[in-house]
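Undergrad: Show me the folded form of this:
(chains A and B)
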Amino acid sequence: AQRVTQPEKLLSVFKGAPVELKCNYSYSGSPELFWYVQYSRQRLQLLLRHISRESIKGFTADLNKGETSFHLKKPFAQEEDSAMYYCALKHAGNMLTFGGGTRLMVKP
Amino acid sequence: EAGVVQSPRYKIIEKKQPVAFWCNPISGHNTLYWYLQNLGQGPELLIRYENEEAVDDSQLPKDRFSAERLKGVDSTLKIQPAELGDSAVYLCASSQTGEETQYFGPGTRLLVL
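TA: This next block holds a predicted model:
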């Protein structure tokens, strides 16, 4: 069965500091991974997907199959990055298994 | 574009009462999902529809939960009877067939007393 683990419930950093939100997965098939974000009082929305290898709002994430990880990184955090971040694994017909989420707080 | 619409946004009921949630997906989106999100956890899929067909409902507790999407557009999720442990946020999402991105609604926050 598939599983997504986000070991940190809360990550607090100062503005301008680097950020790394951790995500580990367990899946027997070929993984497709995503990061979803939920800003305060907003809906859950897609941030980025590994397959497109894009940088969105300065965030990047690299799929490491050897370590079964898909960590989200940003070199310089901004206050507007404060949000809940969810890592998700796609399987069987576009179904998503989400991790438990990490709350990122960027302090001024 | 209004996005995925859900109602009600909040619902408070007593245990053993029935409750229903409604979802209107983005126009043209054939795939509709219902998720359950408990406090402090990520969303968990309950059921997925392709048009009016439920193609995966393995996580739906069928003894008390039911869902329908009669005309392949709007969907209703029902709980009868509700239990204290059903207190959670119920999220609806939709996507175009063959597209990966799921678009989420604002959710319905249920409190069972």
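Undergrad: So what's the residue count around A:Asn96?
TA: Check again: residue A:96 is Leu, not Asn. A:Leu96 has 25 neighbours, counted by other CB atoms under 10 Å in any protein chain shown. In this view, the C-beta of every residue, glycine as well, is placed from N, C-alpha and C.
Undergrad: tell me the contacts of the closest residue to it other than its chain neighbours?
TA: Leaving aside its sequence neighbours, A:Leu96 sits nearest to A:Ala88 (CB to CB, 6 or more residues apart in numbering or on different chains; 4.4 Å). Shown in contact with A:Ala88 (CB atoms under 8 Å, 6 or more residues apart in numbering or on different chains): A:Val4, A:Leu33, A:Phe34, A:Trp35, A:Tyr36, A:Leu96, A:Thr97, A:Phe98, A:Gly99, B:Gly42.
Undergrad: State the distance from the last one to A:Cys87.
TA: It stands for B:Gly42. Note on B:Gly42: its distance to A:Cys87, by CB to CB, to the nearest Å, is 8 Å.
Undergrad: Between those two, point out the one with more neighbours.
TA: Neighbour count, other CB under 10 Å: between B:Gly42 and A:Cys87, A:Cys87 has more, with 29 against 21.
Undergrad: pLDDT wise, what is that one at?
TA: pLDDT, A:Cys87: 97.
Undergrad: name the element it belongs to?
TA: Using DSSP states H and E, A:Cys87 falls within strand A:83-91.
Undergrad: Please settle this for me: is A:Glu80 part of a helix?
TA: Yes - counting by DSSP: H, G, I helix; E, B strand; the rest coil, A:Glu80 is found in a helix.
Undergrad: any chance you could map the strands in the chain?
TA: Using chain A. A:3-5, A:10-14, A:19-21, A:24-26, A:32-38, A:45-49, A:60-61, A:72-74, A:83-91, A:95-98, A:102-107 (DSSP state E).
Undergrad: should've been chain B
TA: Under DSSP E, chain B gives strands at B:5-7, B:10-13, B:19-24, B:31-37, B:44-50, B:53-56, B:65-68, B:75-79, B:88-95, B:103-104, B:108-112.
Undergrad: Quick check: residues of chain B near chain A?
TA: Residues of chain B lying near chain A by CB under 8 Å from any CB of the partner chain: B:3-4, B:31, B:33, B:40-45, B:48, B:55-56, B:91, B:93, B:95, B:99-107.
Undergrad: which stretches of chain B have low pLDDT?
TA: Low-confidence segments of chain B (pLDDT under 70): B:1.
Undergrad: Taking it, what residue is nearest to chain A?
TA: Scanning chain B for the residue nearest chain A gives B:Gly42, at 3.2 Å (criterion: CB to the nearest CB).
Undergrad: Please name the residues that touch that residue.
TA: A:Val4, A:Gln6, A:Tyr86, A:Ala88, A:Phe98, A:Gly99, A:Gly100, A:Gly101.
Undergrad: Closest one of those residues to A:Gly29?
TA: Using CB to CB, A:Val4 comes nearest to A:Gly29 of the contacts of B:Gly42, at 13.7 Å.
Undergrad: picking up where we left off before, tell me the strands beside the strand holding A:Cys87, with direction?
TA: strand A:32-38 (antiparallel), strand A:95-98 (antiparallel), strand A:102-107 (antiparallel) (DSSP bridges).
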